[in-house]
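Fold the following for me, if possible:
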Amino acid sequence: MDKRELPKSPETQSQQRLRINQNVIREISFDDIVFDMAEDTTFSRDLLPERVTSLVGQHIRIRGYILPSFQQTGLTQFVLVRDNMECCFGPGAALYDC
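The predicted structure follows:
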């Protein structure tokens, strides 16, 4: 039997969801959400640029690492960092790095 005649393997449910949702979910990176904020500035929502606030209510996918927590169960929020060697709580890092 020629390879071209072999039937394709069926999609898994997660592959189907990904294929369907690729038109709905926006892929963004940490570079897309960087904003100017001087050191020692108190954060307020009006500092966020339009490119960030335009994401409100949209489904997005951003890849990163969850900063470990001492809490083992019942997590309702977490800190997402760009990579596992950098954190906004470390020296020289910016708030938008998490």
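
use CA for all of it now, contacts and neighbours both
Will do.

Low-confidence regions, the protein specifically.
1-23, 84-98 (pLDDT under 70).

the helices in it, which residues?
13-21, 50-53 (DSSP state H).

Buried residues of the shortest one, list them for me.
The reference is to helix 50-53. For helix 50-53, a neighbour-count test (16 or more other C-alpha atoms under 10 Å) marks nothing as buried.

any chance you could map the strands in this structure?
Assigned by DSSP state E, the strands in the chain fall at 26-28, 60-62, 65-66, 80-81.

Tell me what E27 is bridged to.
Beta-bridge pairing of E27 under DSSP bridges involves R61.

Same list (the strands of the chain) but as a markdown table, adding mean neighbour count and distance to T41.
What follows is these, written out as a markdown table (neighbours: other C-alpha atoms under 10 Å; distance: least, C-alpha to C-alpha, whole Å):
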| stretch | mean neighbour count | distance to T41 |
| --- | --- | --- |
| strand 26-28 | 13 | 25 |
| strand 60-62 | 12 | 25 |
| strand 65-66 | 16 | 25 |
| strand 80-81 | 19 | 20 |
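
Tell me which of these sits nearest to M37.
Shortest separation from M37 across those is recorded for strand 80-81, at 17.4 Å, computed as C-alpha to C-alpha.

Give me the sheet partners of that closest one and which way each runs.
Counting by DSSP bridges, strand 80-81 is paired with strand 65-66 (antiparallel).

With L48 as the reference, name the closest of the strands of the chain.
Among those, strand 26-28 sits nearest to L48 (C-alpha to C-alpha), with 15.9 Å.

who does that closest one touch, helix- and strand-wise?
Judged by 3 or more C-alpha pairs under 8 Å, 6 or more residues apart in numbering; DSSP states H and E, the packing partners of strand 26-28 are strand 60-62.

ok, now how distant is the residue lying closest to R82 once chain neighbours are set aside from V81?
By the measure of C-alpha to C-alpha, 6 or more residues apart in numbering, the closest residue to R82 outside its immediate chain neighbours is G64, 5.0 Å from it. Using C-alpha to C-alpha, to the nearest Å, we find G64 at a distance of 6 Å from V81.

What of R61?
For R61, the distance to V81 - C-alpha to C-alpha - is 14 Å.
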